[in-house]
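>>> what would the 3D arrangement of this be:
(one chain, ligands or ions: 1)
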Amino acid sequence: MLSAKVPLEELNDDRMVVPTYAKRGLSQAVPRYEIPEDAMPADVAYQLIHDELNLDGNPTLNLATFVTTWMDDEADRLMAETMTKNAIDWDEYPQSVELQDRCVNMLARLYGAPEHHRSVGCATVGSSEAIHLGGLAMKWRWRKAREAAGKDATKPNLVMGANVQVCWEKFARYFDVEPRYVPLSDERFVIGVDEAMALVDEHTIGVVGILGSTYTGEYEPIAALSAALDRLERDLGLDVPIHVDAASGGFVAPFLAPELEWDFRLPRVRSINVSGHKYGLVYPGVGWVLWQDAADLPEELIFEVDYLGGSHANFSLNFSRGASQIVAQYYNLLRLGKSGYKAVMEALSDTARWIASELARRDDIKLVAAGTDLPVVCLALVGSPGFSAFDLSAILRQRGWIVPAYKMAPDAENVEVLRIVVREGLSRDLASELVYDIGAAIDHLAGGRSVEQPASPAASPAPGHRVGTSRVTRAKASPKTRAVC
Ligand SMILES: Cc1ncc(COP(=O)(O)O)c(C=O)c1O
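Reported below is the predicted structural model:
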């Protein structure tokens with residue numbers, strides 16, 4: 001979220017935060033955008049902030065996010081104990097680094113890395129950082145190979161579905177790679193294999209396959225992409241790698257669909273990212289990127305950093321970061337094991353499928369995704385009922401449910417959907433309340449009763465771009481709301 005400095009003269013009455021109570025002893029107003037001149041007691045500051053945050057949505061009812069909102073008490077405790085550790089201080093906190101090493105090893109094996117390959121990987125802040133690192137490795141590998149062959153190594157491009165999350169668009173822009181988007185259609189909301197192959201040429205650094213589209217939760221046909229690229233190599237001699245964006249699916253598919261080949265079992269899949277803070281079941285702040293083999297990560301990108309008493313290999317966009325999310329990821333892997341993750345994912349999937357089957361009983365709802373891949377339900381309204389998915393989302397918000405409405409990516413923008421992400425915390429009881437409330441909201445709208453309209457679809461809270469949640473961003477909101485998170 002980009003924040004802007006607001007001219008004080010524009011603030012008028014908004015210049016001060018004026019708590020009505022906070023603490024009986026708090027008698028003065030507190031400046032909103034300036035550092036107060038004087039200190040205040042810790043308990044007063046706590047109460048002020050605590051109260052103000054009540055305006056946030058309820059995380060349990062936030063069905064917009066893929067990000068974990070509940071962990072075991074023991075995980076909370078471990079995270080609190082390690083909050084003070086900086087994961088970059090390798091010499092000072094060698095055991096935290098050891099836990100990262102263990103996680104990378106466990107994930108590489110979970111993703112079918114052959115034992116004779118020296119897979120490498122690292123923790124990141126989330127899938128976005130992981131994707132930037134994965135994208136950079138593809139770009140550098142492509143450039144080196146082109147230069148070694150004495151060929152033009154400018155104008156790299158990356159082929160991906162128009163349904164990619166915004167971080168891919170960011171990667172392309174920040175690192176000067178031409179994004180080549182495979183358009184969607186009203187019938188297909190993921191990448192098309194033939195359509196993708198038509199965009200690949202000798203300047204293509206890689207093809208992205210998404211294991212769990214942000215828009216619908218569907219898995220993209222990664223094995224088919226791989227087979228098509230094999231044929232392309234045979235016919236044209238182009239060796240184009242696949243990066244799998246398994247931000248959400250990386251902790252779902254291995255447990256619910258172990259026979260599905262999307263990972264390092266396919267030799268063409270050279271790198272994978274996954275968000276530990278999504279179905280890895282850790283609070284926000286951890287992702288992972290893995291390369292099938294050390295050779296997939298050009299050594300020029302790795303920095304040997306001398307820092308605080310030791311020299312260590314580093315590949316990241318940032319430097320300091322908290323160790324607690326890495327520790328929490330290790331906790332979950334240890335605590336749940338494979339059978340524990342499987343049980344959680346089965347429960348989530350059952351709930352998602354149950355919600356889908358209940359909603360499917362209504363003839364005014366069309367299911368776009370029914371929890372078959374990720375535990376995500378995506379629904380559209382049938383025909384032209386005289387109200388939109390955005391109206392429905394707004395009514396549900398009045399009940400506390402955060403169920404985002406958005407338009408599909410190009411060229412399927414005329415399809416408007418609502419998406420329900422099932423995570424731990426959405427019990428079957430709550431799910432049946434949700435189904436009831438969706439039905440009641442549709443009946444209410446169909447009865448012609450009005451609902452406060454969002455300003456426009458682009459300004460309504462497309463997940464991943466919570467436009468207009470703060471005073472500053474309300475004023476300066478970017479009109480561009482692309483992918484969802
Ligand atoms: C498919 C996909 N890729 C990447 C991301 C970005 O992930 P993160 O929020 O971990 O940076 C998301 C977020 O929802 C996603 O769904």
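>>> in three-state terms, label the nearest residue to A370 once chain neighbours are set aside for me.
Distance criterion Cβ to Cβ, 6 or more residues apart in numbering; nearest residue to A370, sequence neighbours excluded, is A356 at 3.7 Å. The C-beta positions use only the backbone N, C-alpha and C, and glycine is treated the same way. For A356, the secondary structure call by DSSP: H, G, I helix; E, B strand; the rest coil comes out as helix.
>>> from the ligand, how far out is A356?
As judged by Cβ to the nearest ligand atom, to the nearest Å, A356 and the ligand stand 19 Å apart.
>>> and V166, by the same measure?
For V166, the distance to the ligand - Cβ to the nearest ligand atom - is 8 Å.
>>> show me which residues of the stretch 151-300 of the chain sit near the ligand.
Residues of the stretch 151-300 of the chain lying near the ligand by Cβ under 6 Å from any ligand atom: 165, 167, 210, 214, 245, 247-248, 275, 287.
>>> can you flag which of those residues belong to strands?
Those of those mapping onto strands are 210, 245, 275, 287, per DSSP state E.
>>> and the third one, what pLDDT?
Read that as S275. What the model reports for S275 is a pLDDT of 98.
>>> could I get the contacting residues of it?
Contacts for S275 (Cβ atoms under 8 Å, 6 or more residues apart in numbering) come out as 66-67, 126-127, 130, 247-248, 250, 286-288.
>>> how about a cut-off of 10 Å?
66-68, 124-128, 130, 212, 245-248, 250-251, 282, 284, 286-288, 485 (Cβ atoms under 10 Å, 6 or more residues apart in numbering).
>>> what does the second one give?
For D245, the set of contacting residues under the criterion of Cβ under 10 Å, 6+ apart consists of 127, 130-131, 134, 160-161, 164-165, 167-168, 208-214, 220, 271-275.
>>> swap in the last one?
Contact criterion Cβ under 10 Å, 6+ apart gives 122-131, 133, 247, 250, 273-278, 280, 325, 329 as the residues in contact with G287.
>>> can you give me the neighbour number for G209?
29 (other Cβ atoms under 10 Å).
>>> actually H117, not the one I wrote
Close neighbours of H117, defined as other Cβ under 10 Å, add up to 16.
>>> helix, strand, or coil at it?
coil.
>>> shouldn't it be in contact with A294?
Yes. Judged on Cβ atoms under 10 Å, H117 makes contact with A294 at a distance of 8.2 Å.
>>> give the contact list for the spatially closest residue to L61 that is not a sequence neighbour.
Leaving aside its chain neighbours, L61 sits nearest to G400 (4.8 Å; criterion: Cβ to Cβ, 6+ apart). Taking Cβ under 10 Å, 6+ apart, we find G400 in contact with 57-58, 60-62, 433, 437.
>>> quick one: which of those residues is nearest the ligand?
The ligand lies nearest to N62 out of the contacts of G400, by Cβ to the nearest ligand atom, at 13.2 Å.
>>> check what pLDDT the closest one gets.
At N62, pLDDT is 95.
>>> D43 now?
According to the model, D43 scores 86 on pLDDT.
>>> equivalent analysis for the one 3 residues further on, please.
The predicted local confidence for Y46 comes out at a pLDDT of 89.
>>> and the one 4 residues further on, by the same measure?
Predicted confidence (pLDDT) for H50: 91.
>>> just for the stretch 1-150 of the chain, where's the confidence low?
Across the stretch 1-150 of the chain, the ranges flagged by pLDDT under 70 are 18-27.
>>> and it, which of its residues are near the ligand?
So far as Cβ under 6 Å from any ligand atom goes, the stretch 1-150 of the chain lies against the ligand at 66, 126-128.
>>> which ones among these map onto strands?
In strands, judged by DSSP E, none of these are found.
>>> export those residues to a markdown table and tack on distance to T82 and neighbour count?
Output for those, formatted as a markdown table (distance: Cβ to Cβ, whole Å; neighbours: other Cβ atoms under 10 Å):
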| residue | distance to T82 | neighbour count |
| --- | --- | --- |
| F66 | 24 | 23 |
| G126 | 18 | 23 |
| S127 | 22 | 28 |
| S128 | 23 | 21 |
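>>> closest to T84 out of those residues?
G126 (21.3 Å; Cβ to Cβ).
>>> next up, the contacts around the closest one.
Per Cβ under 10 Å, 6+ apart, neighbours of G126: 67, 167, 247, 273-278, 284-288, 325, 485.
>>> show the buried residues in these.
67, 167, 247, 273-278, 284-288, 325, 485 (16 or more other Cβ atoms under 10 Å).
>>> among the residues you listed, which pair sits farthest apart?
Counting by Cβ to Cβ, the most remote pair of these is C167 and Q325, 18.0 Å apart.
>>> quick one, strands of the stretch 101-250 of the chain?
Assigned by DSSP state E, counting those that start in this stretch, the stretch 101-250 of the chain shows strands spanning 120-124, 157-161, 178-182, 204-210, 242-245.
>>> what's downstream of the last one, the next helix or strand?
If you walk from strand 242-245 toward the C-terminus, the next helix or strand you reach (DSSP states H and E) is helix 253-256.
>>> tell me which residues are up against that next one.
Contacts of helix 253-256 (Cβ under 10 Å, 6+ apart): 107, 110-112, 211-212, 219, 222, 246, 249, 259-263, 274, 279, 336, 338-346, 348-349, 372-375.
>>> take those residues and keep only those in helices.
107, 110, 222, 336, 338-346, 348-349 (DSSP state H).
>>> whichever of these end up buried, select them in PyMOL.
Buried members of these, defined by 16+ other Cβ under 10 Å, are picked up in PyMOL with:
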select buried, resi 107+110+222+336+341+344+345+348+349
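>>> not counting sequence-adjacent ones, nearest residue to A313?
Spatial nearest neighbour of A313, excluding adjacent residues (Cβ to Cβ, 6+ apart): I302 at 5.1 Å.
>>> next, that neighbour: phi, psi?
When read as degrees, to the nearest 10, the backbone of I302 gives phi -100, psi 130.
>>> any idea how far it is from the ligand?
On the measure of Cβ to the nearest ligand atom, I302 and the ligand end up 22 Å apart.
>>> which pLDDT value belongs to that residue?
pLDDT recorded at I302 is 93.
>>> ok, how many other residues are close to it?
I302, neighbours per other Cβ under 10 Å, totals 13.
>>> any idea how far K5 is from it?
For I302, the distance to K5 (Cβ to Cβ, to the nearest Å) stands at 37 Å.
>>> again with L334
As judged by Cβ to Cβ, L334 and K5 stand 45 Å apart.
>>> those two: which has the busier surroundings?
More crowded of L334 and K5, by other Cβ under 10 Å: L334, with 13 against 7.
>>> contacting residues for that one?
99, 102-103, 106, 340.
>>> report the two of these separated the most.
L99 and G340 (18.0 Å).
>>> okay, now the domains of the protein?
As assigned by automatic domain parsing, the chain contains the domains 78-331, 347-476.
>>> least reliable of those going by mean pLDDT?
Here the lowest mean pLDDT among those goes to domain 347-476, at a mean of 83.
>>> for A294, what are phi and psi?
phi -60, psi -30.
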